[in-house]
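S.K.: what follows is a predicted structure for the sequence shown.
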Amino acid sequence: MNSIEARLLPWPTDSEANYRELLIDGKSFQETIKSRYPNDFLEGRYRETFVPILSQDPAADQEKEIVRPIYGCQDGGCCLYVFARIKYDDKTVTWTGIGQNRLYLMGGEQADDGLRFLQGVEPMTFDRIAYQKVFDSRGP
């Protein structure tokens, strides 16, 4: 099982500022996906530092699979960049895929759902209670 938490980290370009980041297994998830898929995060807004979308999960009380944003822009999440395909059961939450919003990809590829899922992302499974604590609060 994977661990998940939100923690304040120093902003990469301003040591006086902090931002909240998702840590999975103790590592910045944003840094992990950017280093694993460097070609997918080289251009446009995908080069920027993202801010996690920490809000109550609409499917938290249901057992189903949904796609929801996990990272947005620095301006409060008005632009949604990175999404997770999420499967719920009684005790766990599993990210089965990670996708990018096609609106912010160079070349403007189009698809019915507007997302392009990264290939080869291993599923990540979290304890449901720990997961909900991260996404149901705004604290670090």
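M.R.: Now that the structure is in, tell me what you want to look at. Owing to the predicted nature of the structure, the values given are computational and were not obtained by experimental measurement. Numbers count the residues shown, from 1 in each chain.

S.K.: contacts, neighbours, all on C-alpha from now
M.R.: OK.

S.K.: how near is residue 123 to residue 117?
M.R.: According to CA to CA, to the nearest Å, residue 123 and residue 117 sit 13 Å apart.

S.K.: identify the contacts common to those two.
M.R.: residue 97 (CA atoms under 8 Å, 6 or more residues apart in numbering).

S.K.: how about the strands of the protein, start to end?
M.R.: 4-11, 14-24, 27-28, 51-52, 65-72, 80-88, 92-101, 115-117, 124-127 (DSSP state E).

S.K.: what's the fifth one packed up against?
M.R.: Using 3 or more CA pairs under 8 Å, 6 or more residues apart in numbering; DSSP states H and E as the contact criterion, the secondary-structure elements in contact with strand 65-72 are strand 51-52, strand 80-88.

S.K.: circling back: of the strands of the chain, which is nearest residue 44?
M.R.: For residue 44, the closest of the strands of the chain is strand 80-88, at 11.1 Å, according to CA to CA.
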